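**Student:** Pasting a predicted model and its sequence here:
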Amino acid sequence: MKLTNKFLKLQDIVEITGRTKSTIYRWIEEDKFPRPYYLNKTATSHSCGWADDEVKQWIESVKLNNKKNKNHFLSK
């Protein structure tokens, strides 16, 4: 069985979205972006990652919402 899903690091998310770390974290707090999964959490450190399929789904939902709303700047 071959797994195709992987976890993305914060830097990957920044590159994919073109947004800053602070924007990503704000969107998470506002429930506008998927939350990361903690992969290794200890008292002194932790690592987390985003499931790539959830990020892809978020991108598709943004694209769909933009098509539904027909970006106003395109209609000028």
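**Tutor:** In hand now; what should we look at? Numbers count the residues shown, from 1 in each chain.
**Student:** Enumerate every residue touching N5.
**Tutor:** Neighbouring residues of N5 by CB atoms under 8 Å, 6 or more residues apart in numbering: A51, D52, D53. Every residue, glycine included, has its C-beta placed from N, CA and C.
**Student:** since we're on F33, how many residues are nearby?
**Tutor:** 21 (other CB atoms under 10 Å).
**Student:** ranges for the strands of the chain?
**Tutor:** In the chain, the strands defined using DSSP state E lie at 7-8, 37-41, 46-51.
**Student:** What lies in contact with the shortest one?
**Tutor:** Right, strand 7-8. If you take CB under 8 Å, 6+ apart as the criterion, strand 7-8 is touched by I16, Y37, L39, G49, W50, A51, D52, V55.
**Student:** hmm, try it at 6 Å
**Tutor:** With contact meaning CB atoms under 6 Å, 6 or more residues apart in numbering, strand 7-8 is reached by G49, W50, D52.
**Student:** Compare the residues you listed and tell me which is most surrounded.
**Tutor:** W50 (23 neighbours).
**Student:** Is it in contact with Y37, as I believe?
**Tutor:** No. With contacts defined as CB atoms under 6 Å, W50 does not count as touching Y37, sitting 7.3 Å away.
**Student:** Show me the longest helix that occurs in the chain.
**Tutor:** Secondary structure of the chain per DSSP state H: the longest helix is helix 52-69.
**Student:** low-scoring stretches of this protein, by residue?
**Tutor:** Applying pLDDT under 70 to the chain picks out residues 1-4, 43, 70-76.
**Student:** centroid residue for it?
**Tutor:** Centroid check for the chain by CA atoms, centre = their mean gives V55 as the closest residue, at 4.5 Å.
**Student:** Show the contacting residues for that one.
**Tutor:** Not one residue lies near V55 by CB under 6 Å, 6+ apart.
**Student:** From H46, how far off is K9?
**Tutor:** For K9, the distance to H46 equals 13 Å [CB to CB, to the nearest Å].
**Student:** For D53, give its distance to S22.
**Tutor:** Taken as CB to CB, the span from D53 to S22 is 25 Å.
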